[in-house]
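>>> no sequence on this one, just coordinates:
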């Protein structure tokens, strides 16, 4: 194994490699027969140990004191080590391998060892572990019942938590949110909204409109249009009085950035519902960065694919889940190319939780995809980081630690 990796130009990191090997051997001692199914995880662990050290691939060295002007957080919803193992087998030239710092992230929430997307994203946006199904509100906030109306009063004692997106906006930085699902969904909402229920979509849309992000791209148009809102309010028209609003992939591909906010709502709900998709995540990321880089003070951005989560919830075949994670990796490549020509850009790619219990089990001379669940799991997820202060995001981390470090960076602006 060591010789093969060395031949391929990898520089093995002893600490991470030792941890990976010890985990594998421990599992083998507990159950020798099942340990074969962990071999792909071991391979990914060695990938994690060597990522960014491939000869000719790593960017310039950065110091912990280096200035961060821009933060790009890319989220592959539901993507754990199994998905990244599948990606490595399908395409060895992954963009994430250009990122020199790697971590494993404990994704538990404040209420459960298995998080949902709302609490998972909130840990990254606020540095706090909160209850499942709540968005950027304090851990003691009672979870609103799913049957409550979106116009209901917040539960007593419920208060919003400060996000690093809000701090950045108040410091004069541009803000951008891009997702392949509806923009009021749990993950994007955690950065620009607050709610005791991730399902209060109209109220979350109100919060997003009030936040006034400089870029808002994704689906979920029905929660902003008067014809489909319960209160009849036309949020979209209000937003478009000052923003450049577009609704088709062709319009986005033809977009020429200017100083107006950019709003693109390409589907009534989840963009995955459209076949073919209106536009992919890499194209949306490229357009978003074109607008965000116009801000002379810098920016923060959240770019998400929901497709990795949708496909693993559905226990989709290997070909589909691999295609979804590779599209996300291409979006990471767009961000890294931007960072390469834009000094001061910190790029982080991570999952919020693992979905499906995905494993690549031995099948003759090859492997086959197996799932253990159609839901989320407590498995740790990989994190990749590049740019100034990326060294802080290496090792074994808690999800709220990631958020706390991002808060610390932004509070220094």
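Sure thing, it's come through. If you're wondering where the values come from, they're calculated on a predicted model, not measured in any experiment. Residues are numbered from 1 along each chain as shown.

>>> residue contacts, the nearest residue to residue 237 once chain neighbours are set aside?
Of all residues not flanking residue 237 in the chain, residue 226 sits nearest, at 7.5 Å (Cβ to Cβ, 6 or more residues apart in numbering). (C-beta placed from N, C-alpha, C; glycine too.) Contacts for residue 226 (Cβ atoms under 8 Å, 6 or more residues apart in numbering) come out as 232, 233, 234, 237.

>>> Show me just the buried residues among the residues you listed.
Neighbour counting with 16 or more other Cβ atoms under 10 Å marks residue 233 as buried within the contacts of residue 226.

>>> Among the contacts of residue 226, which pair sits farthest apart?
Farthest pair in these (Cβ to Cβ) is 232 and 237. Separation: 11.8 Å.

>>> State which strand of this structure is the longest.
Taking DSSP state E as the criterion, the chain has its longest strand at strand 174-182.

>>> Can you tell me the strand partners of that strand and which way each runs?
Using DSSP bridges, strand 174-182 pairs in its sheet with strand 215-219 (parallel), strand 299-305 (parallel).

>>> Mind pulling the model confidence for the residue nearest to residue 237?
Residue 226 carries a pLDDT value of 97.

>>> returning to what we had before: I'd like the strands paired with strand 174-182 laid out as TSV, including mean neighbour count.
Shown next, in TSV, are those (neighbours: other Cβ atoms under 10 Å):
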stretch	mean neighbour count
strand 215-219	27
strand 299-305	28
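
>>> Dump these to a markdown table, plus distance to residue 79 and mean pLDDT.
Shown next, in a markdown table, are the strands paired with strand 174-182 (distance: least, Cβ to Cβ, whole Å; pLDDT from 0 to 100):
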| stretch | distance to residue 79 | mean pLDDT |
| --- | --- | --- |
| strand 215-219 | 18 | 98 |
| strand 299-305 | 8 | 98 |
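
>>> can you tell which of the ones you listed is closest to residue 405?
So among these, strand 299-305 is nearest, using Cβ to Cβ, at 13.6 Å.

>>> Next SSE downstream of the closest one?
Once strand 299-305 ends, the next helix or strand along the chain (criterion: DSSP states H and E) is helix 307-313.

>>> Summarise which helices and strands the following helix or strand past that next one is packed against.
Once the chain leaves helix 307-313, the next helix or strand it forms, by DSSP H and E, is helix 318-340. Packing partners of helix 318-340 (3 or more Cβ pairs under 8 Å, 6 or more residues apart in numbering; DSSP states H and E): strand 70-76, helix 81-90, helix 281-292, strand 299-305, helix 307-313, strand 345-350, strand 366-370, strand 381-386.

>>> want to throw the ones you listed into JSON lines with distance to residue 409?
JSON lines is the format used below for the helices and strands packed on helix 318-340 (distance: least, Cβ to Cβ, whole Å):
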{"stretch": "strand 70-76", "distance to residue 409": "7"}
{"stretch": "helix 81-90", "distance to residue 409": "25"}
{"stretch": "helix 281-292", "distance to residue 409": "17"}
{"stretch": "strand 299-305", "distance to residue 409": "10"}
{"stretch": "helix 307-313", "distance to residue 409": "26"}
{"stretch": "strand 345-350", "distance to residue 409": "7"}
{"stretch": "strand 366-370", "distance to residue 409": "38"}
{"stretch": "strand 381-386", "distance to residue 409": "12"}
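
>>> Which one, of these, ends up nearest to residue 196?
strand 299-305 (21.2 Å).

>>> which outside residues touch that closest one?
With Cβ under 8 Å, 6+ apart as the test, strand 299-305 has contacts from 70-77, 164-165, 168, 173-181, 187-188, 191, 214-215, 281, 284-285, 288-289, 292-293, 324, 327-328, 331, 335, 410.

>>> Helices of the protein, start to end?
2-7, 14-30, 39-50, 81-90, 117-126, 164-170, 186-192, 201-211, 235-240, 249-253, 281-292, 307-313, 318-340, 399-411 (DSSP state H).

>>> how about stretch 314-330: buried residues?
315-316, 318, 321-330.

>>> can you give me the mean pLDDT across it?
Here the average pLDDT along stretch 314-330 is 98.

>>> Residues contacting that stretch, please?
74, 76, 79, 83-84, 86-87, 90-91, 94-96, 280-282, 305, 307-308, 310-312, 349, 356, 358, 368-369, 371, 374.

>>> Mind checking which of the contacts of strand 299-305 are buried?
Neighbour-count burial (16+ other Cβ under 10 Å) applied to these gives 70-77, 164-165, 168, 173-181, 187-188, 191, 214-215, 281, 284-285, 288-289, 292-293, 324, 327-328, 331, 335, 410.

>>> circling back: of all the helices of the chain, which lies closest to residue 66?
With Cβ to Cβ as the measure, helix 399-411 is the member of the helices of the chain nearest residue 66 (10.7 Å).

>>> Name the residues that touch that closest one?
Under Cβ under 8 Å, 6+ apart, the answer for helix 399-411 is 68, 71, 73, 105-108, 115, 120, 123-129, 162, 164, 167-168, 171, 300, 346, 348, 350, 352, 383, 389, 392-393.

>>> Centre-most residue in this structure?
residue 75 (1.0 Å; Cα atoms, centre = their mean).

>>> Quick check: the gap between residue 155 and residue 162.
19 Å (Cβ to Cβ, to the nearest Å).

>>> Next: residue 114.
In terms of Cβ to Cβ, residue 114 sits 26 Å off from residue 162.

>>> of those two, who's got more company?
Between residue 114 and residue 162, counted using other Cβ atoms under 10 Å, the more crowded position is residue 114 (19 against 16).
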